[in-house]
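**Q** Let's see this in three dimensions:
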Amino acid sequence: MTAPVDAALADAWQTSWSRIVGLLIGQYQRPDLAEDAVADAFESAARHWPTDGVPTNTGAWLLTAARRRVLDRLRTEAVHRRKEPLMAVDDEMRAAAAAVVDPFDGAHVADEQLRLVFACCHPALAADDRVALTLRFVVGLTTGEIARLLLVQETAMAARLTRAKKRLASSGIPFAVPPPGELDSRLDAVATVLYLMFTSGYQPGSGPATLRMDLGDEAIRLVRQLSLLLPGRSVLSSLLALMLLQHSRRDTRLSSSGEIVLLPDQDRSRWHGAEIAEAVALLAARPVPDDAATAGSQLAQEYRLQALIAAEHATAPSSADTRWARICTLYASLEDLTGSPVVRLARAVAVAEAYGPGAGLALLDGLDEALPRHHRLPAVRAELLVRAGDLTAAAAEYERALTLVTNDAERTHLIARLSTLP
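**A** Sure thing, here's the model as predicted:
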């Protein structure tokens with residue numbers, strides 16, 4: 001495969017995957033078939049484009065190929081059921097293929113991607129299923145990537161996605177945008193998905209993949225669109241502030257050679273000051289939401305606390321000037337609110353900075369059971385053990401982290417840290 005074809009396929013995956021999946025689901029109401037059909041279309045493109053040439057409109061080519069595969073599957077299912085003559089099925093399939101419909105009938109939600117997110121977040125689906133389906137359909141993450149993001153085993157995530165798609169296919173749940181008066185009922189679910197979409201861009205995938213800044217850009221764009229649609233919601237202003245603060249450091253997270261650059265070593269002069277200023281203003285404004293219930297949601301409080309922590313880092317003139325005691329207080333509040341072991345892990349780092357490695361290590365006790373496959377737990381423990389002077393134990397923890405890490409850049413970083421030990 002040539003470089004231009006590789007680039008065209010990669011671009012089509014990012015720009016057309018969710019749109020085509022959404023169109024097929026809206027037309028045929030079969031998410032299980034839609035996803036498989038789009039995957040088959042990309043496989044077909046990888047075979048044909050090197051010899052036939054990259055089409056002028058790659059999205060239209062892929063949509064046509066995927067639609068044919070859905071129709072083939074529907075025809076096969078109909079014949080297998082032996083409920084209708086084959087000719088009648090063919091006529092029905094041709095009519096469906098010729099139809100041009102708005103899959104979501106959601107003109108009050110102007111953005112196509114946002115319509116798909118709202119459609120995925122139907123309240124009849126379990127919360128975890130809504131998140132997993134949206135990350136699959138809208139973002140195009142693999143099952144393994146979703147599993148790592150949600151801290152579950154890949155086999156469990158595969159089963160969850162399969163069950164959710166079957167439920168959509170068999171239960172008659174309308175895959176559609178809710179009417180204007182019901183948008184708020186899905187707001188927290190949509191906000192959660194957009195947060196995870198953003199986070200997935202900054203969570204290195206497996207192999208050589210590092211960061212996907214485009215996912216951060218798209219998540220911020222969608223939150224801005226959602227804020228225009230539902231103005232004054234504190235969950236959205238806090239989420240936007242959090243994203244802007246984290247995204248403002250995007251140009252300094254990796255070295256020119258692709259190696260991870262830790263926060264203390266990043267060049268703060270290259271952080272995006274306008275985004276930091278906008279985020280700080282959002283946190284200071286505390287807008288009064290239109291929906292009081294949404295204003296008081298736990299999710300809004302979580303995002304605000306995370307944004308306040310990010311703001312402490314973003315506004316400190318230097319790493320040495322960081323107000324670690326203040327960050328510890330914020331993390332303690334966030335852990336009380338969420339009970340999250342990941343928050344406890346981050347809090348341990350802050351406590352170690354403020355009160356010494358021993359205090360940080362104490363907070364890591366009991367986390368191994370909650371985070372059995374999270375390589376950052378032994379990596380953090382190793383760092384704190386180095387500071388505490390226990391180099392033998394630190395080496396063992398680095399070795400353990402290396403057995404769990406799946407990303408090449410993070411593995412390189414851990415090997416480099418291990419190599420510094422005597």
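
**Q** Could I get the full set of helices for the stretch 151-300 of the chain?
**A** Assignment of helices within the stretch 151-300 of the chain using DSSP state H, counting those that start in this stretch yields the ranges 154-171, 187-202, 213-229, 234-247, 273-285, 292-295, 298-315.

**Q** now for those, which one comes closest to S257?
**A** helix 213-229 (17.2 Å; CB to CB). (Each C-beta comes from the backbone N, C-alpha and C, glycine too.)

**Q** Which neighbouring elements make contact with the closest one?
**A** Helix 213-229 is packed against helix 112-120, helix 187-202, helix 234-247, with contacts defined by 3 or more CB pairs under 8 Å, 6 or more residues apart in numbering; DSSP states H and E.

**Q** Name the stretch among these that sits most buried.
**A** Most buried of the helices and strands packed on helix 213-229, by mean neighbour count (mean count of other CB atoms under 10 Å): helix 234-247, with a mean of 26.

**Q** distance between that one and the chain's centre?
**A** Averaging C-alpha positions (CA atoms, centre = their mean, to the nearest Å) puts helix 234-247 15 Å from its chain's average.

**Q** Count the residues that sit near A132.
**A** Neighbours of A132 under the rule other CB atoms under 10 Å: 29.

**Q** what does L74 give?
**A** Other residues near L74 number 17, with proximity taken as other CB under 10 Å.

**Q** domain assignment for the protein?
**A** What automatic domain parsing lists as the domains of the chain is 3-98, 109-173+181-204+214-244.

**Q** Any idea which of those gets closest to G360?
**A** The minimum distance between G360 and the domains of the chain falls on domain 109-173+181-204+214-244, with 21.0 Å, by CB to CB.

**Q** Could I get the buried residue list for the lengthiest helix in the chain?
**A** Longest helix in the chain by number of residues (criterion: DSSP state H): helix 3-28. Applying a neighbour-count criterion of 16 or more other CB atoms under 10 Å, one finds 5, 8-9, 12-13, 16-28 buried in helix 3-28.

**Q** What of stretch 403-419?
**A** By neighbour count on 16+ other CB under 10 Å, the buried set for stretch 403-419 is L404, V405, T406, N407, D408, A409, E410, R411, H413, L414, R417, L418.

**Q** The first one: what's it in contact with?
**A** Pointing back at L404 there. R373, H374, H375, P378 (CB atoms under 8 Å, 6 or more residues apart in numbering).

**Q** what do you get for R130?
**A** Applying CB under 8 Å, 6+ apart, we find R130 in contact with C120, C121, H122, A189, V193.

**Q** element containing it?
**A** Take DSSP states H and E as the rule and R130 turns out to sit in helix 127-134.

**Q** how about the CA coordinates for that helix, as CSV?
**A** Provided in CSV are the C-alpha atoms of helix 127-134 (Å, rounded to 0.1, in the frame of the first residue of the first chain):
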residue,chain,number,x,y,z
ALA,A,127,-25.0,4.1,31.3
ASP,A,128,-21.9,2.0,30.6
ASP,A,129,-23.4,0.8,27.3
ARG,A,130,-24.2,4.4,26.2
VAL,A,131,-20.6,5.4,26.8
ALA,A,132,-19.1,2.4,25.1
LEU,A,133,-21.4,2.6,22.0
THR,A,134,-20.7,6.3,21.5
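
**Q** after it, next one along is what?
**A** Counting by DSSP H and E, the element after helix 127-134 in chain order, helix or strand, is helix 143-150.

**Q** Please work out the average pLDDT along that next one.
**A** Here helix 143-150 scores 83 as its mean pLDDT.

**Q** now the helix holding R130, how far from the centre of its chain.
**A** 11 Å.

**Q** angle of it against helix 154-171?
**A** Interaxial angle, helix 127-134 versus helix 154-171 (axes from the mean of the first three to the mean of the last three CA atoms, to 10 degrees): 90 degrees.
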